[in-house]
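Chemist: quick one, structure for this:
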Amino acid sequence: MVHIFGIDLLRADRDPLTGLLNRRGFNNAVRQLFTAHRGENNYLAVIMIDLDRFKLLNDTHGHAVGDQALVAVAAALQTHTAARAVIARAGGEEFLVAEIAPVPEPVALAEALREAIAAGPYSTTASVGTASISLRQVDKDSVESVTAHLASAADLAMYQAKRDSRNGFGGVPATRDRQAVG
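Modeler: Residues are numbered from 1 along each chain as shown. Sure thing, here's the model as predicted:
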């Protein structure tokens, strides 16, 4: 019984379609990522990815094809990030990635993910937004609120990219003021 309960608990943190983390699992894994790297002279970067015109794909080709496209995007994200990266399906056609970055604006990683999605088998493009903060500016007690703030800022940057052109990128410079991240 304990074994079965443990398996169910693990599944509670996963998206059943893609196998990626869900938001709950994302937050827990980011906390662990931060703990493993805190105090380093690096940045915690959060990347929000939203697939462009995904509803049209579902409406044109059916939800089964839409599901296959989501699985392909999940695979592309896993292939084009470091093993330590935290990847989640945030809901619908939105994905979150958290990574430890050596630079305050992870443009290269965001662009690599956008390009990997576009190169996939379903002609899917994505709008991408990023936000980051120096690991030295975050204390262990505020990791969850900082992560939520970064996800919100990356979401806003992603929507700006979507408004600008779709299949694009927008970034928020690294937060320097700890008060600004709650």
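Chemist: read off the pLDDT value for D164.
Modeler: You'll see D164 listed with a pLDDT of 74.
Chemist: look up how far R31 lies from it.
Modeler: Counting by C-beta to C-beta, to the nearest Å, the separation of D164 from R31 is 33 Å. C-betas here are computed from N, CA, C, even on glycine.
Chemist: which one's more surrounded, those two?
Modeler: For D164 and R31, the more surrounded residue by other C-beta atoms under 10 Å is R31, and the numbers stand at 15 against 11.
Chemist: quick check: closest non-adjacent residue to the more buried one.
Modeler: Spatial nearest neighbour of R31, excluding adjacent residues (C-beta to C-beta, 6 or more residues apart in numbering): V143 at 5.1 Å.
Chemist: next: G120.
Modeler: A72 (4.8 Å).
Chemist: could you do D67 as well?
Modeler: Nearest non-adjacent residue to D67, counting by C-beta to C-beta, 6+ apart: L17, 5.9 Å away.
Chemist: pull up the gap between L109 and M48, please.
Modeler: When C-beta to C-beta is applied, the distance between L109 and M48 equals 13 Å.
Chemist: more neighbours: those two, which one.
Modeler: Neighbour count, other C-beta under 10 Å: between L109 and M48, M48 has more, with 28 against 21.
Chemist: re earlier: OK, contacts around the residue nearest to D67?
Modeler: Residues in contact with L17, defined by C-beta atoms under 8 Å, 6 or more residues apart in numbering, are D67, L70, V71, R89.
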